[in-house]
Structure formats: C-alpha cells, structure tokens
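[1] Need coordinates for the below:
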Amino acid sequence: MMKFNVITVFPQLFTEHLNNLPFKKAKEKSLAVYHIHNLRSYSVNSYGSVDDETYGGGVGMILSVEPMYNALCDIYTKEVMEKQISDPKRSSLPKGHKIVVLSPRGEVYTQKKARELSKCVQITLICGRYEGIDARVEENIATEVISIGNYILSGGEIPALVVMESVTRLMPGILEKENASKIESFEDGILNADQPEYPQYTRPENFMGIKVPEVLLKGNHKEIEKWRRQNSKRITR
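    This is a model prediction of the structure:
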C-alpha cells in the first residue's frame, strides 16, 4: 500500500477530490491512503501563524521553515528529520520514501516521473502558498522539487493533486482496462515519450458534414495503428 502525505494550509481543498475516482477506488481496494496535514497545527506560536516576512524585504509573506519541519517530524520522527536536514542529498528517509516540494522552480513533471514515483512506498507533498516557502525547505529538507508547468498558481494544492492522481491511476486495479495506462498519451516511448494521444472519434460517422477518417471505419488494425502513430507525431510537431 502506498501512503501519501500532504502538508498544506488549506486541507479543505482536498476533501471533495479524494472522495472521487481514482482516489476513491484506491482507498476501497486498500492500494493507497491519503493523509492531509494542516500546517497550522504545527505553528510555533499561540496565534497559529505559519508564515512570516521575508528577510531582505519584499512583497507578501512566505511559509516558515519551523512549522514545515515540525509537520515532517510528526510524519517521519524527529530523529529521522534531524539526519535528513544535516545531509538532504544523501537522504536519511527509509527506502522508497520521498519528500516533494511543489514549486515553479522545480523539475517539470512528466509521465516518466509519475512512473518513477509510482514505485515509492510513501510520498510527502509540501504545498506552498502566498509568496512561497522558506528556501531551506527545498534546499535542506526535500528530496526533490517538482513543477507541473511554467505558470503561476496561488499554491501547491492543485499541483499536489496532479501528482497524486497521476501516480494513483498507475496502480494495478485502478483503471478498468489494465493496459489503458500503457497505451495512452505520453506512454508510448516515441519522441521521448512526450507525444500527445492520437485523435479519437465516436458516433455518428458524419456530423454536419464532418466525417470520421475512413481508415478508422474499415477494421484494418495495422492501418489504423499506422494512422494513429502518424497523427500522434503530427500533433507533437
């Protein structure tokens, strides 16, 4: 069973998503568990503050390192985290465990990375908010930093859901057709596994004069496969 931990200041943003597929099926089949940790529970003051002004000046607040560290100690134990913060590149986490910060500064997320993460035992996802997170979380604690694209969001909650869903749906028994995850977009291996899926059509054959490509109607599977590959490459270009 894979375990996901999410550290966030807005745990309510995950509630509805985790009650639907594919998360619902993963939980029902005991393939995964999802624990959402409210960062405010780990505040170091009586006000419940988890953010502060940035050194050197700047607009807005950033999430503080101490509450993040306290949350991680609750997940992994203080002893493990003390070792981790002393040498994050070596990683003192148990085998198959990752601490991932969602940040626009990170490695761009791909299906290859999703497959890599799907082999983990436990993944902890740290969601930024406001103007970001104290850089020591990324540089001295996390095992890696991931970005879901070159654009700005209000926080790391949506990226965390993207990572969780892409990993969850790769688990055996989640998709109705077992091979579906291997033949869809970004899984073929052509063009570095980064080509989009070929165009697909359903009935009617003719909609307001726009027809389904004839090759798809003739039942010649070899020709259909050739057409699909050609169009997948065309879309990539």
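[2] By residue count, tell me the biggest helix in this structure.
    helix 221-236 (DSSP state H).
[3] Assess the claim that V50 and S43 are in contact.
    Yes: taking contacts as C-beta atoms under 8 Å, V50 lies within contact range of S43: 5.4 Å. In short, each C-beta sits where N, CA and C put it, glycine included.
[4] Using neighbour counts, pick out the buried residues of the longest strand seen in the chain.
    The strand spanning the most residues in the chain, taking DSSP state E as the definition, is strand 97-108. Residues H97, K98, I99, V100, V101, L102, S103, P104, G106 are the ones in strand 97-108 that count as buried (16 or more other C-beta atoms under 10 Å).
[5] Per-residue pLDDT of the residue nearest to N231 when sequence neighbours are not counted, please?
    Spatial nearest neighbour of N231, excluding adjacent residues (C-beta to C-beta, 6 or more residues apart in numbering): Y198 at 4.6 Å. Per-residue pLDDT puts Y198 at 89.
[6] Likewise for L125?
    98.
[7] partners of the helix or strand harbouring it, with directions?
    Element membership for L125 (DSSP states H and E) is strand 122-127. The pairing partners recorded for strand 122-127 under DSSP bridges are strand 2-8 (parallel), strand 97-108 (parallel).
[8] and these as a markdown table, adding distance to K119?
    Formatted as a markdown table, the strands paired with strand 122-127 follow (distance: least, C-beta to C-beta, whole Å):
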| stretch | distance to K119 |
| --- | --- |
| strand 2-8 | 9 |
| strand 97-108 | 10 |
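[9] So for G60, which of those strands sits nearest?
    strand 97-108 (14.9 Å; C-beta to C-beta).
[10] tell me the mean pLDDT for that closest one?
    Strand 97-108 comes out at a mean pLDDT of 95.
[11] Now tell me what touches it from outside.
    Outside strand 97-108, the residues that touch it by C-beta atoms under 8 Å, 6 or more residues apart in numbering are 72, 76, 84, 93, 113, 117, 120-128, 132-133, 137-138, 141-152, 156, 159-160, 163.
[12] Go again with 6 Å.
    120, 122-128, 138, 142-147, 156, 159-160 (C-beta atoms under 6 Å, 6 or more residues apart in numbering).
[13] Just the buried residues of the longest helix of the chain, please?
    Quick answer for helix 221-236 (16+ other C-beta under 10 Å): I224, W227, R228, N231, S232.
[14] List the contacts of the third one.
    Think R228. Per C-beta under 6 Å, 6+ apart, neighbours of R228: Y198.
[15] now it: how far from V212?
    Relative to V212, R228 is positioned 13 Å away (criterion: C-beta to C-beta, to the nearest Å).
[16] and for those two, which residues touch both?
    With C-beta under 6 Å, 6+ apart, R228 and V212 have no common neighbours.
[17] Closest one of the buried residues of helix 221-236 to I7?
    S232 (37.9 Å).
[18] Kindly confirm whether my reading is correct that the closest one touches E225.
    No: counting by C-beta atoms under 6 Å, E225 is not a contact partner of S232; they are 10.5 Å apart.
[19] what's the pLDDT at the most far-flung residue of the chain relative to its centre?
    Distance from the C-alpha centroid of the chain, by C-alpha atoms, centre = their mean, peaks at G209 (41.0 Å). On pLDDT, G209 comes in at 95.
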